[in-house]
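>>> coords please:
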Amino acid sequence: MLSILDSVAPFVPPSDLRIALSGITGSVSFACWIVLLIPQLIEQWKLKSADGISLGTVLIWVTGDLANLVGAIWAGLLPPVILLAVWFLIIDGSLLTSYIYYTHIFPKRHKIIHTHHSEEATENTTLLATSENENAHGTQQTNGRKSSTKSRRDSLTSLAVASSHWSAFQKYVLPMAFVSMAGVVGYLLSSSPSAPPDGELPTLPNDELTFGAQFFGYFSALCYLGARIPQILYNYQRKSCHGLSLLFILFSTFGNLTYSLQILFYRSDADYVILNLPWLIGSLGAIVEDSAIYVQFIIYRDNAGNDDLVEAVEDVIQEV
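Now for the predicted structure:
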């Protein structure tokens, strides 16, 4: 069994098993980050709104990712770690662009279109009123149709409840399984291992590691830990998680988990863990804060727009 921290044993180069496990989890983590924002971007496109995401969260993410990239390069960490840091900045830019568009640009364009339609609606008001008066004698027939429609709606509701587990499986379990498999296949098809064969620590002076890479590493960890706080407070103020993609949070949690395992699987001696401690704190701490967001999805389930998402959360929990 792989130990969590081999602080007493002398340094031993990582075994083939450790290298393989580190590579697989690192590849799965990378796959999660590649698709991380797609669910959130789709959610914002469907709603034509970015009200579900906190701007403070986005800005802190950008700051943390910049520090993460500098610290990772300075410390000479594994190539996948550096690649992830670069990709983080790319997806941050996508999210920020989407936020600006749906918050400032889209509403202005929509306002012009809405004004045009309002004028047309005003012109047709008289015609609509006349039509309602002419059809007043058909009210009883309409009521009968409404009763029939209500019966059909009740039947459809029963079918929807019966298929809720399958819906959750399709929306959440299948995408995560697909991304995980893509990560494993990506590792198996990789022509060269992502980790150095000798497992040596970076040959930088201790003072440079301490005041350089470690500073940026811890700073990025603090940013990652703090980034979700504005989102949690934002959800609390609105008493809603509407507009926030649940799959986005799931990918974030699973990506952080496999990211941490990538480091620990490769080497678990004290020196290596301490060197990577900022990134471990940031990832594992983010998982804890993600848990708070899951709780908010459940607490605010009765608010508009949250029912389907929360039912999916509960279905996933029941499946587990």
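>>> what's the spacing between residue 228 and residue 296?
Distance from residue 228 to residue 296, counting by CB to CB, to the nearest Å: 11 Å. For the C-beta atoms, the positions are set from N, CA and C on the backbone; glycine is no exception.
>>> residue 66 now?
28 Å.
>>> more crowded one of those two?
Between residue 66 and residue 296, counted using other CB atoms under 10 Å, the more crowded position is residue 296 (22 against 18).
>>> mind listing what's buried in the host helix or strand of that one?
Assigned by DSSP states H and E, residue 296 falls within helix 277-299. By 16 or more other CB atoms under 10 Å, the buried positions in helix 277-299 come out as 278-283, 285-287, 289-290, 293-294, 296-297, 299.
>>> repeat for stretch 60-80
60-72, 74-78, 80.
>>> packing partners for the helix or strand harbouring residue 65?
Using DSSP H and E, the element containing residue 65 is helix 55-75. Here helix 55-75 touches helix 79-100, helix 214-238, helix 277-299, going by 3 or more CB pairs under 8 Å, 6 or more residues apart in numbering; DSSP states H and E.
>>> what helices or strands is the second one leaning on?
This points to helix 214-238. Judged by 3+ CB pairs under 8 Å, 6+ apart, the packing partners of helix 214-238 are helix 55-75, helix 277-299.
>>> got a list of contacts for that helix?
53-57, 60-61, 63-65, 67-68, 70-72, 74-75, 241, 244, 277-279, 281-283, 285-286, 289-290, 292-293, 296, 300 (CB atoms under 8 Å, 6 or more residues apart in numbering).
>>> okay, and for the stretch 1-150 of the chain, where does confidence drop off?
Across the stretch 1-150 of the chain, residues meeting the criterion (pLDDT under 70) sit at 1-12, 112-150.
>>> hmm, try it at 50
Counting by pLDDT under 50, the stretch 1-150 of the chain has low-confidence residues at 1, 3-9, 121, 126-129, 136.
>>> so what touches stretch 68-77?
So stretch 68-77 is contacted by 81-82, 85-86, 88-89, 202, 204, 208-209, 212-217, 219-220, 224, 275-276, 278-279, 282 (CB under 8 Å, 6+ apart).
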